[in-house]
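K.L.:
structure of the sequence below:
(2 chains)
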Number of protein chains: 2
Amino acid sequence: MKVVIAGFGTVGQGVAEVIGMRRELFQKGFRQKVTIVGAFDSSSLVKNPRGLDPEVLVARKAGTGRVGKRPLDGGAEEFIEEYDFDTLIETTPTNIVDAEPGLTYIRTALNAGKNVVTSNKGPLALKFRELTSTAAKNKVQLRYEASVGGAMPVINLSRELLRGEQIYSLRGILNGTCNFILNRMKDEGLPFEQALREAQEMGIAERDPTYDIDGVDSACKLAILANAIFGRDVTYNDVMRTGIRSITEDAISLASEQHMVVRLIGEINDKRVEVSPRMVPVGHPLAIGGTLNIVQLITDLAGDITVAGRGAGRKETASAVLSDLLALMNEGRGKRR
Amino acid sequence: MKVVIAGFGTVGQGVAEVIGMRRELFQKGFRQKVTIVGAFDSSSLVKNPRGLDPEVLVARKAGTGRVGKRPLDGGAEEFIEEYDFDTLIETTPTNIVDAEPGLTYIRTALNAGKNVVTSNKGPLALKFRELTSTAAKNKVQLRYEASVGGAMPVINLSRELLRGEQIYSLRGILNGTCNFILNRMKDEGLPFEQALREAQEMGIAERDPTYDIDGVDSACKLAILANAIFGRDVTYNDVMRTGIRSITEDAISLASEQHMVVRLIGEINDKRVEVSPRMVPVGHPLAIGGTLNIVQLITDLAGDITVAGRGAGRKETASAVLSDLLALMNEGRGKRR
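P.N.:
This next block holds a predicted model:
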C-alpha cells in the first residue's frame, strides 16, 4: 500500500514512526508493504515513488520545521489528484469553522479513487454525509477511528464487533482535559479556575482552553458518533452543548455527599445529541478518573458495553490510524484497483 | 449456515431466540440464512434438515424439560460426526474437572470439518492448544467470545481491533458475583458472609458459591485469555488463585481510608497468570461497581484500553455467540467447503 501523509504535526509524525515500527507486521500478517511515497505540511512537500524513510521525515521536521525540501505552493490538491498512491492519511488540525484544509484534501482524494484514513474531526463533524457518500460513489473507503477518542476503539468496536446489536443509545466522556479538571476540583477542593491553571501548567489543557472546556471538542466527536454509529445526519452545529466553566466547587462537593461525581457527558439517544455536565454515581463506569476517554453503548442484546482508552497523544492517535490501515489491508483494500 | 445447538440450557435457549430475532440481519447484512437444523440436550435430540423453529424448541424445553422428542441415547458424537451441518454451537455447562461433555462435542465437530462456536469455558481452560490445533488441522474455525465475560467483547477486540498492538499485559475483573459482594461489603459495611447471603438471595451467587468466590470461574477465564491473547500454553490448573473468602470488613475499610477499593483481579504479565484480591484506586477503571466484567489491556502504542460488559445472562451470552456467528459469515466461513 502506497500512502501519502497530509499534515505532519504530532499525529502525522506519530503515524510515520508507527509505519516504520510495524514493517514486520505488515509483511508477516498481511503479506504487504506499507510505503510512504509522499508527505506534505502547510508549507512543504516531499515525494518519492520508491518510498521515503519515516525517520528522515521526522528528523527533517524537527530540524527545519518542514517535512519537505520543496515548497508546497498551494499544490496539494493537484498532488493528491495526480500522484500515484493508494491511501491518503489525513492528519491536519481540526478546524470547526469550515473544516479546511482537511476537507478539501479528503474530498479530492476520495474523488481521485483513493482511500482516506483521517484523524481530523472537522471534516467529519461538518460534512459527514457528503464525505461518506463521496467515498461510496467512488468505491473507496473513508476510515476515521482516530478522529474520536484517540486510541479508544469505539467506532470499529461499534461497527464491526457489535454489528449484531441494535445500539439504542450512547453516553461518554469524550474530552480528557475536562475530566482531569473535574477530578482535581473534587479531589483537592479546587475552584475551577485553579484546576484549569494546573491543567495548563501540566500541558493537559491548551493556553486557549475554550475548545476543551466549552465542550466544542466533545461536541465534534459526538456529532461524528451520531453519524457513524446511529446513522443520523447531524453536524457539530446541531449538538446541544454546555461546557464546564460554570461548575462550582459547591456543586461538586454536594454531588460528593450523594456519592456522585460530576462529568462532562456526551449523550446520543432518540431525543437528543447533547454535551453537558451530569452527575454520575461513584463506581459507575463513567465515574472514571484521569484523562481517559470512555464510551458506554446501550444495546438490545449485550446490554451496556463500555470501552475506554487514551483520548490523545502521538503514539495513541497513530495507533488508531494503524488499526484503520490494517482494516483496509485485511479487506484487500490496500491497493487501488 | 446450518447450525446445531449442543446443550439447551439458558445459553442454548438464548442463542436459539437470537437466531430467530436476527433473520433479517443475516439476510440483509450477509445475504445468508442461519438455519437451526438440530439441537440436543443431555437427554434428547431433535433434528430437521429443513430447519427448526426456535420458538418451538424453547417452548418444548420449557414445557417438558427437553429440547427434543426422541432420546439422545448417547448418540451425540455420531450425530455430530454424520449429520449434515456447518457449525456446532456448543453451550453445555462448564466442567472444570474433565471438560466433558463439551470437550468431546467440540473435538468431534472440529474433526468432522465443522466450525465450532462455544460459550463453554471448560474445554478451553483445559485443552486450548489441542482444540485450536485440531481446528487449524481441519481448516475450520473455533470461536469462543462467549466463554469469557459474556457480552464483554474482549477476545475479538484483542484479536481483531488491536491486531496492530503489542499487548504486554492484562488486568481484569472476570467475575461479577465477587465484585458485587466486595461492593456491598464496602458500601454497607457488611461482613463477607452476609454480603454473600444477600447475593445468593438476589440470585447473583449460586447456592454453592465456591466456583465464584474461590476464583475458579475467574481463573478459567484468565487461562483462556492467556492462551488466546498472549499465545501462552497454560491451563486452568496453572493459574495462581486466591479467592475473596478471607477478605475482612477491616481490610475493606482500611482500603477505603486510602481511597482504594478491593477487587478480585485477574492478571496476565511476563511473570504471572494470577487471580487474587488487590487494592485499586477509586476512579481507576477497575474500581468499577456492580456485577460488570472488565478487562484492561496494556499495549505498546494505544497505552491502556479498557472494555467492560455484562459477564453473564441469557441474552448477553447469546449476543457474544451471535458476534462469532457473524464473524464466520463475514469471512465467508458460514458454509462448509
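K.L.:
where does pLDDT dip in the stretch 151-300 of chain A?
P.N.:
Along the stretch 151-300 of chain A, no part satisfies pLDDT under 70.
K.L.:
who does residue A:115 form a beta bridge with?
P.N.:
Beta-bridge pairing for residue A:115 (DSSP bridges): residue A:87.
K.L.:
not counting sequence-adjacent ones, nearest residue to the residue nearest to the spatial centre of chain A?
P.N.:
The centre of chain A sits closest to residue A:147, judged by Cα atoms, centre = their mean, with a distance of 1.8 Å. Closest residue in space to residue A:147, ignoring its immediate chain neighbours: residue A:121 at 4.9 Å, by Cβ to Cβ, 6 or more residues apart in numbering or on different chains. Heads up, the C-betas are built off the backbone N, CA and C, glycines and all.
K.L.:
tally of neighbours for the one you found?
P.N.:
Using other Cβ atoms under 10 Å in any protein chain shown as the criterion, residue A:121 is surrounded by 26 other residues.
K.L.:
might one say that it is in contact with residue A:221?
P.N.:
Yes: the pair residue A:121 and residue A:221 qualifies as a contact (Cβ atoms under 8 Å) at a distance of 6.5 Å.
K.L.:
who touches both of those two?
P.N.:
Shared contacts of residue A:121 and residue A:221, defined by Cβ atoms under 8 Å, 6 or more residues apart in numbering or on different chains, comprise A:147-148.
K.L.:
before we move on, the earlier item: show me what contacts the residue nearest to the centre of chain A?
P.N.:
When contacts are counted by Cβ under 8 Å, 6+ apart, residue A:147 touches A:118-121, A:124, A:221, A:224.
K.L.:
secondary structure added to the residues you listed, as TSV?
P.N.:
What follows is the contacts of residue A:147, written out as TSV (DSSP: H, G, I helix; E, B strand; the rest coil):
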residue	secondary structure
A:118	strand
A:119	coil
A:120	coil
A:121	helix
A:124	helix
A:221	helix
A:224	helix
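K.L.:
before we move on, back to that, residue contacts, the residue nearest to residue A:147?
P.N.:
By Cβ under 8 Å, 6+ apart, residue A:121 lies in contact with A:94, A:96, A:147-148, A:217, A:220-221, A:224.
K.L.:
return the distance of it relative to residue A:225.
P.N.:
Distance, residue A:121 to residue A:225, by Cβ to Cβ, to the nearest Å: 11 Å.
K.L.:
intersection of neighbour lists for those two?
P.N.:
residue A:148.
K.L.:
pull up the residues of the stretch 1-150 of chain A that are close to chain B.
P.N.:
A:18, A:22, A:25, A:29 (Cβ under 8 Å from any Cβ of the partner chain).
K.L.:
buried ones among those residues?
P.N.:
By neighbour count, with 16 or more other Cβ atoms under 10 Å in any protein chain shown, the residues of the stretch 1-150 of chain A next to chain B hold A:18, A:22, A:25 as buried.
K.L.:
domain ranges for chain A?
P.N.:
Following automatic domain parsing, one gets these domains for chain A: A:2-151+A:315-330, A:159-310.
K.L.:
so residue A:117: helix, strand or coil?
P.N.:
When classified by three-state DSSP, residue A:117 comes out as strand.
K.L.:
which residues sit in contact with the spatially closest residue to it that is not a sequence neighbour?
P.N.:
Excluding its sequence neighbours, the residue lying closest to residue A:117 (Cβ to Cβ, 6+ apart) is residue A:324, at 4.4 Å. Residue A:324 is in contact with A:117, A:143-146, A:156, counting by Cβ under 8 Å, 6+ apart.
K.L.:
quick one: the helices in chain A?
P.N.:
Applying DSSP state H to chain A gives helices spanning A:10-21, A:23-30, A:54-64, A:76-82, A:102-111, A:121-137, A:154-156, A:176-188, A:192-201, A:210-213, A:216-230, A:249-257, A:314-330.
K.L.:
mind putting those helices in CSV, distance to residue B:179 included?
P.N.:
Listed next are these as CSV, based on distance: least, Cβ to Cβ, whole Å:
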stretch, distance to residue B:179
helix A:10-21, 36
helix A:23-30, 36
helix A:54-64, 44
helix A:76-82, 51
helix A:102-111, 43
helix A:121-137, 36
helix A:154-156, 24
helix A:176-188, 23
helix A:192-201, 31
helix A:210-213, 33
helix A:216-230, 28
helix A:249-257, 23
helix A:314-330, 28
